[in-house]
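# coordinates for the following, if possible.
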Amino acid sequence: MITLKIQHKTIYRYRRAVSLGPHRLMLRPRETRDLRVISCEVTVDPLATLTWSQDVFGNAVAAAVFVSNAGTLTIDSVTLLKLGAEPWPIFAVAGSAIDYPFQYAGDERTDLGALMFQQYPDPEGRLRNWTWAFVRGVQTDTLALLKDLSFGVSSWIHYQSRDDEGVQSPIETLDRGWGSCRDFAVLFVEAARCLGFGARIVSGYLLAAQAGVQGSQDAGSTHAWAEVYVPGAGWITFDPTNRSVGGYNLIPVAVARDIRQAMPVAGSFGGVPDDFLGMSVEVEVTAQN
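So this is what the prediction gives:
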């Protein structure tokens, strides 16, 4: 396992001192068999009361309640963790799911629930038709299909960083032919759901340990990718932005049905729209000796 330090600072600037509504912070990484959090410290300026809880997906969430007005809001998170995911994982897919199509068991289907259904309208079936073009026969290898779909997203869509908030719908991404990592992830997840898979969005950090990694500047950045549930193997990580399978360079913070449920920072302020001057985000992911 390697030890990593993640420094994540978000700064909001306003034209004048404004009242700050409650903010929802999702900054603590999710602990798994491959990831162990050593420490995680979140500080907020101006002073706020932080109350920690877990959401319906088991993500760590901090609610920040402010007591004073401010012209600048700074949210600073410093995390130390150990990551030990395999770069070339082998997935023990159940015999019943080796070939696609397959059926989830009753309990699996019930528990996956909404994660199996598309979240964006596709009235003309354009996304469905685009997705089914990756199915190469009456029966096809399940993992090969999902890998082809992930590679297909990055083949069809050109990566382009976007600083503005929000996400493109899958149809918008297909029409425009470009998108950010979160647009790649949403397109892949919605396409997998078209095929009947249970799939979810993951947000977190990308460790850019080698050249050519998309979606990162310098040592690391915030990132979005996907997980698909395959019986026997469980949740399998797919990063369509970088055509990778497995999470050896990914640090998950939140999983969600919809990417809007996994925003690192969400909140409001009291004032007029012109009061908001802008925001900046600084992320550094570094290996520790």
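# only C-alpha atoms for contact and neighbour calcs from this point on.
Fine.
# where does the stretch 51-200 of the chain have low pLDDT?
Counting by pLDDT under 70, the stretch 51-200 of the chain shows low-confidence ranges at 163-164.
# helices along that one, start to end?
Along the stretch 51-200 of the chain, counting by DSSP state H, counting those that start in this stretch, helices occupy 106-112, 126-132, 142-156, 170-176, 181-194.
# okay, the ones you listed in JSON lines with distance to Tyr205 next?
As requested, those are exported to JSON lines (distance: least, C-alpha to C-alpha, whole Å):
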{"stretch": "helix 106-112", "distance to Tyr205": "25"}
{"stretch": "helix 126-132", "distance to Tyr205": "28"}
{"stretch": "helix 142-156", "distance to Tyr205": "19"}
{"stretch": "helix 170-176", "distance to Tyr205": "22"}
{"stretch": "helix 181-194", "distance to Tyr205": "11"}
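# tell me the SS of the residue nearest to Asp275 when sequence neighbours are not counted?
Using C-alpha to C-alpha, 6 or more residues apart in numbering and skipping the chain neighbours, the partner closest in space to Asp275 is Arg15 (4.8 Å). Counting by DSSP: H, G, I helix; E, B strand; the rest coil, the backbone at Arg15 sits in strand.
# kindly provide the distance from Pro46 to Asp275.
Per C-alpha to C-alpha, to the nearest Å, Pro46 is found 17 Å from Asp275.
# mind checking the helices of the stretch 51-200 of the chain for the one nearest to Leu25?
Taking C-alpha to C-alpha, helix 181-194 is the member of the helices of the stretch 51-200 of the chain nearest to Leu25, at 18.2 Å.
# residue closest to the middle of the chain?
In the chain, the residue lying closest to the centroid (C-alpha atoms, centre = their mean) is Ser203, at 2.3 Å.
# that one - that's part of a strand, no?
Yes. Checked against three-state DSSP, Ser203 lies within a strand.
# would you mind listing the residues in contact with it?
Residues in contact with Ser203 (C-alpha atoms under 8 Å, 6 or more residues apart in numbering) are 222-225, 252-255, 259, 262-263.
# with respect to Leu112, which of the residues you listed is nearest?
Nearest to Leu112, judged by C-alpha to C-alpha, of the contacts of Ser203 is Val255 at 13.1 Å.
# thought the closest one was touching Ala262?
Yes. Applying C-alpha atoms under 8 Å, one finds Val255 in contact with Ala262, separated by 6.7 Å.
# overlap in contacts of these two?
Common neighbours of Val255 and Ala262, using C-alpha under 8 Å, 6+ apart, are 202-203.
# before we move on, back to that, could the contacts of Ser203 be laid out in CSV, adding pLDDT and neighbour count?
Output for those, formatted as CSV (pLDDT from 0 to 100; neighbours: other C-alpha atoms under 10 Å):
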residue, pLDDT, neighbour count
Thr222, 92, 24
His223, 94, 24
Ala224, 96, 28
Trp225, 97, 31
Pro252, 97, 24
Val253, 98, 24
Ala254, 98, 26
Val255, 98, 23
Ile259, 94, 21
Ala262, 95, 23
Met263, 94, 19
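# looking at those residues, which is nearest Ser68?
Comparing these against Ser68 with C-alpha to C-alpha places Met263 closest, at 24.0 Å.
# which residues touch that closest one?
Contacts of Met263 (C-alpha under 8 Å, 6+ apart): 25-26, 203.
# Leu145 reaches Val135, doesn't it?
Yes. With contact defined as C-alpha under 8 Å, Leu145 reaches Val135; the gap is 6.6 Å.
# hang on, the earlier thing: for the contacts of Ser203, give me JSON lines that also has distance to Leu174 and secondary structure.
Formatted as JSON lines, those follow (distance: C-alpha to C-alpha, whole Å; DSSP: H, G, I helix; E, B strand; the rest coil):
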{"residue": "Thr222", "distance to Leu174": "23", "secondary structure": "strand"}
{"residue": "His223", "distance to Leu174": "20", "secondary structure": "strand"}
{"residue": "Ala224", "distance to Leu174": "18", "secondary structure": "strand"}
{"residue": "Trp225", "distance to Leu174": "17", "secondary structure": "strand"}
{"residue": "Pro252", "distance to Leu174": "26", "secondary structure": "strand"}
{"residue": "Val253", "distance to Leu174": "27", "secondary structure": "strand"}
{"residue": "Ala254", "distance to Leu174": "26", "secondary structure": "strand"}
{"residue": "Val255", "distance to Leu174": "24", "secondary structure": "strand"}
{"residue": "Ile259", "distance to Leu174": "18", "secondary structure": "helix"}
{"residue": "Ala262", "distance to Leu174": "23", "secondary structure": "helix"}
{"residue": "Met263", "distance to Leu174": "23", "secondary structure": "coil"}
